[in-house]
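Chemist: Below: sequence and its predicted model.
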Amino acid sequence: MKLTKTKAELRDMLKDIRREGKSIGLVPTMGYLHEGHLSLIRKARQENDIVVVSIFVNPTQFGEGEDYGTYPRDLDRDTGRCREAGADIVFAPEAEEMYAKTNAAFVDMSRLTDRLCGASRPGHFRGVMTVVAKLFNIVLPDRAYFGQKDAQQVLVVKRMVRDLDFDVHIVEAPIVRETDGLAMSSRNTYLSPAERRAALVLSQSLFEARQRIEGGERRADVIRNGIAGQISSQPLARLDYAEVVDAETLEPLREIRGSVLIAVAARLGDTRLIDNIKLEV
Ligand code: PAF
């Protein structure tokens with residue numbers, strides 16, 4: 001496995017690979033890899049000749065007062081995990097390598113990005129789309145892999161690919177959970193033991209909502225209020241949002257029918273966590 005920190009060297013490595021007609025899978029990450037990331041790398045390994053993992057804590061997707069400075073970083077540990085999961089190349093640039101000081105061009109999108117996480121993190125998806133577009137242009141992958149935990153991110157990236165004609169297939173992989181149900185996230189490492197226990201309220205409220213829907217409940221507001229009430233009743237959790245939306249448009253639903261995304265975000269202390277479930281009803 002090779003590690004490179006520059007765009008030029010990465011492009012150079014990939015030129016010959018592409019000329020040989022080999023397929024390239026890209027797994028974009030911000031590092032501090034957990035089992036969720038590794039499942040993406042393993043899937044990419046199965047489906048491509050060459051697997052590139054990018055590790056880059058992208059400053060443009062963090063808002064003021066967010067955790068850009070403290071986001072966990074451990075490149076040695078990450079490269080070891082990438083190797084074990086079957087990656088061929090790790091691309092780990094510094095911010096100065098990815099963005100020129102005078103960088104003025106960004107990718108933006110209306111509608112899909114102004115709700116759910118976009119509503120509480122203005123500018124976040126502009127940063128995500130910009131860095132993902134840059135990675136697509138640098139790597140020119142055949143396939144790129146994203147986790148369903150960031151369901152809105154996957155939707156936004158798919159829409160960007162469609163609207164801007166990127167020649168890449170987006171592969172979405174299921175959420176990987178801890179044995180007690182908590183969705184894996186690099187940010188889980190911020191939680192105190194008490195917050196870690198309290199964080200379970202996110203997945204539990206979603207699983208209970210699923211049970212109620214399987215039991216016949218179709219009123220979206222009943223489900224939404226149930227989840228919001230459950231999260232708000234946990235003293236260590238502060239609800240950001242609980243939404244029942246169409247899984248393609250993210251429009252709020254009145255009736256639970258079709259492809260449904262139920263998404264939540266909450267703060268445990270200073271840590272903002274998200275989780276979701278998708279249902280076909
Ligand atoms: O999901 C993430 O880790 C990031 O948003 C991504 C896609 C790597 C872009 O920085």
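Modeler: Okay, I see it. Numbers count the residues shown, from 1 in each chain.
Chemist: all strands of the chain, in order?
Modeler: Using DSSP state E, the strands found in the chain span residues 2-4, 24-29, 50-55, 89-91, 143-147, 169-173, 237-246, 259-268, 271-280.
Chemist: Dump those strands to a markdown table, plus mean pLDDT.
Modeler: Shown next, in a markdown table, are the strands of the chain (pLDDT from 0 to 100):
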| stretch | mean pLDDT |
| --- | --- |
| strand 2-4 | 98 |
| strand 24-29 | 99 |
| strand 50-55 | 99 |
| strand 89-91 | 99 |
| strand 143-147 | 99 |
| strand 169-173 | 98 |
| strand 237-246 | 98 |
| strand 259-268 | 98 |
| strand 271-280 | 98 |
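Chemist: what residues does this structure put near the ligand?
Modeler: Residues of the chain lying close to the ligand (Cβ under 6 Å from any ligand atom) are P28, T29, M30, N58, Q61, V128, V131, V132, D150, Q153. No exception for glycine: its C-beta is placed from N, CA and C like everyone else's.
Chemist: what residues are up against the closest residue to the fifth one other than its chain neighbours?
Modeler: Nearest non-adjacent residue to Q61, counting by Cβ to Cβ, 6 or more residues apart in numbering: G127, 3.1 Å away. For G127, the contacting residues are N58, P59, T60, Q61, F62, F106, taking Cβ atoms under 8 Å, 6 or more residues apart in numbering as the criterion.
Chemist: repeat for D76
Modeler: D76 neighbours (Cβ under 8 Å, 6+ apart): none.
Chemist: Ok, E84 next?
Modeler: E84 is in contact with L38, counting by Cβ under 8 Å, 6+ apart.
Chemist: Same check on R77?
Modeler: Residues counted as contacts of R77 (Cβ under 8 Å, 6+ apart) are L33.
Chemist: ok, back up a step: is it possible to mark the buried ones in the contacts of G127?
Modeler: Neighbour counting by 16 or more other Cβ atoms under 10 Å classes N58, T60, Q61, F62 among these as buried.
Chemist: In helices only, show me those residues.
Modeler: Among these, DSSP state H puts none in helices.
Chemist: In a markdown table: the residues you listed, plus pLDDT and distance to R219.
Modeler: Converted to a markdown table, the buried ones among the contacts of G127 look like this (pLDDT from 0 to 100; distance: Cβ to Cβ, whole Å):
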| residue | pLDDT | distance to R219 |
| --- | --- | --- |
| N58 | 98 | 39 |
| T60 | 98 | 39 |
| Q61 | 98 | 35 |
| F62 | 98 | 37 |
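Chemist: how long is stretch 248-264 end to end?
Modeler: 17 Å (Cα to Cα, to the nearest Å).
Chemist: hang on, the earlier thing: just curious, which of the buried ones among the contacts of G127 is nearest to the ligand?
Modeler: The shortest approach to the ligand among those belongs to N58, at 3.9 Å (Cβ to the nearest ligand atom).
Chemist: ok, the closest residue to Y190 other than its chain neighbours - contacts?
Modeler: Nearest non-adjacent residue to Y190, counting by Cβ to Cβ, 6+ apart: T271, 4.3 Å away. By Cβ under 8 Å, 6+ apart, the contact set of T271 is R187, N188, Y190, L191, E195.
Chemist: taking those one by one, which sit in helices?
Modeler: Of the contacts of T271, the ones assigned to helices by DSSP H are E195.
Chemist: May I ask which two of the contacts of T271 are separated the most?
Modeler: The distance between the two most remote of the contacts of T271 (Cβ to Cβ) is 10.9 Å, for R187 and E195.
Chemist: re earlier: with distance to D246 as extra columns, can I get the buried ones among the contacts of G127 in TSV?
Modeler: Converted to TSV, these look like this (distance: Cβ to Cβ, whole Å):
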residue	distance to D246
N58	28
T60	28
Q61	24
F62	28
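Chemist: Now that we have the residues of the chain next to the ligand, which of them are buried?
Modeler: Buried among the residues of the chain next to the ligand by 16+ other Cβ under 10 Å: P28, T29, M30, N58, Q61, V128, V131, V132, D150, Q153.
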